[in-house]
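1. Just to be clear, the model below is a prediction. Sequence and coordinates:
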Amino acid sequence: MNVYILLALVATVATWLLTALGAAVVIFLKTPKQSFLNLMLGFSAGVMIAASFWSLLQPAIERAQLILNTPSYLVVTVGFLFGAVFIWFSDKAVSYTIKKAKINKSNNKINRVIMLIMSITLHNIPEGLAVGVAFGLLKQNYSNASLMGAISIAVGIGLQNFPEGAAVSLPLRREGYSRRKSFFYGELSAIVEPIAGVVGAVLVSTVEKILPFALSFAAGAMIIVAVHELIPECQQNKSEQPYTATMGIITGFAIMMLLDVMLG
């Protein structure tokens with residue numbers, strides 16, 4: 001195996017493990033109060049909204065300006081809308097399948113779970129590609145600076161994956177899933193990163209051109225899930241604790257923004 005492909009694999013396995021570490025938070029929590037679960041659901045929404053811009057849309061615009069002749073605003077807008085439509089269509093398909101299977105009792109619950117896992121997984125694919133591309137490009141233009149740049153991208157994505165792991169496992173726990181299942185699905189959402197990282201390193205010249213679209217596609221998917229599912233869900237007991245979920249959203253956004261901006 002090419003050494004740069006191997007480095008991309010090692011780096012993306014590390015980012016996946018940090019997601020698993022974040023998802024493991026759910027294992028150490030006792031049965032939490034509803035207010036705490038609402039806070040964490042809001043936190044998840046804040047993480048996803050911040051990640052959609054700082055981790056996805058902003059780098060999509062920058063990369064589109066560098067590597068594409070097409071206007072960056074057009075690529076990013078189309079990708080964003082495609083991502084949102086994809087999740088909307090997937091939700092309709094899941095609802096139709098459940099209706100046909102006559103599983104009416106848990107309809108909304110299954111929809112929420114599938115959409116949450118799907119959106120975070122979609123978000124992790126372009127992140128894995130970004131790491132793979134960074135290491136794959138070293139073969140063409142190696143320098144200590146470019147190596148450190150690739151490592152910093154992997155470190156930044158890895159650190160932001162920690163709250164993302166919790167952003168999946170904690171809402172699943174709120175939906176009634178066991179700690180073990182919540183952790184399993186939380187860490188599983190990032191297993192695509194090593195796969196995408198290797199693909200990115202192997203096909204660096206091709207993948208680099210589609211990366212802006214892939215990044216903005218994932219952003220659209222994340223925003224529709226956060227706005228349509230997570231935020232309304234965490235506000236259910238708003239009359240009793242009006243600002244609990246809201247502060248969760250603000251905190252999640254602030255932490256994710258801090259990690260992304262600080263780590264570049």
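-> The structure has been received and is ready for your questions. Numbers count the residues shown, from 1 in each chain.
2. thinking Ile120 is in contact with Ser189, fair?
-> Yes: if you go by C-beta atoms under 8 Å, Ile120 and Ser189 touch, sitting 4.4 Å apart. No exception for glycine: its C-beta is placed from N, CA and C like everyone else's.
3. which residues do those two both contact?
-> Glu164, Val168 (C-beta atoms under 8 Å, 6 or more residues apart in numbering).
4. could you point out where the stretch 51-200 of the chain is predicted with low confidence?
-> Counting by pLDDT under 70, the stretch 51-200 of the chain contains low-confidence residues at 94, 97-112, 140-141, 145.
5. Walking through it, point out its helices one by one.
-> 58-67, 72-100, 107-136, 144-174, 179-188, 192-202 (DSSP state H, counting those that start in this stretch).
6. buried set for the first one?
-> Neighbour-count burial for helix 58-67 flags Gln58, Pro59, Ala60, Ile61, Arg63, Ala64 (criterion: 16 or more other C-beta atoms under 10 Å).
7. swap in the longest one?
-> Neighbour-count burial for helix 144-174 flags 150, 153-174 (criterion: 16+ other C-beta under 10 Å).
8. picking that back up, save the helices of the stretch 51-200 of the chain as a markdown table, and put in distance to Thr15 too.
-> Listed next are the helices of the stretch 51-200 of the chain as a markdown table, based on distance: least, C-beta to C-beta, whole Å:
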| stretch | distance to Thr15 |
| --- | --- |
| helix 58-67 | 15 |
| helix 72-100 | 21 |
| helix 107-136 | 7 |
| helix 144-174 | 4 |
| helix 179-188 | 12 |
| helix 192-202 | 5 |
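9. between the ones you listed, which gets nearest to Leu9?
-> Leu9 lies closest to helix 192-202 among the helices of the stretch 51-200 of the chain, at 5.4 Å (C-beta to C-beta).
10. helices and strands around the closest one, which ones?
-> helix 3-23, helix 107-136 (3 or more C-beta pairs under 8 Å, 6 or more residues apart in numbering; DSSP states H and E).
11. Determine which stretch of those is the most buried.
-> Stretch with highest mean neighbour count among the helices and strands packed on helix 192-202: helix 107-136 (a mean of 24; mean count of other C-beta atoms under 10 Å).
12. tilt between that helix and helix 192-202?
-> Going by axes from the mean of the first three to the mean of the last three C-alpha atoms, to 10 degrees, helix 107-136 is angled at 30 degrees with respect to helix 192-202.
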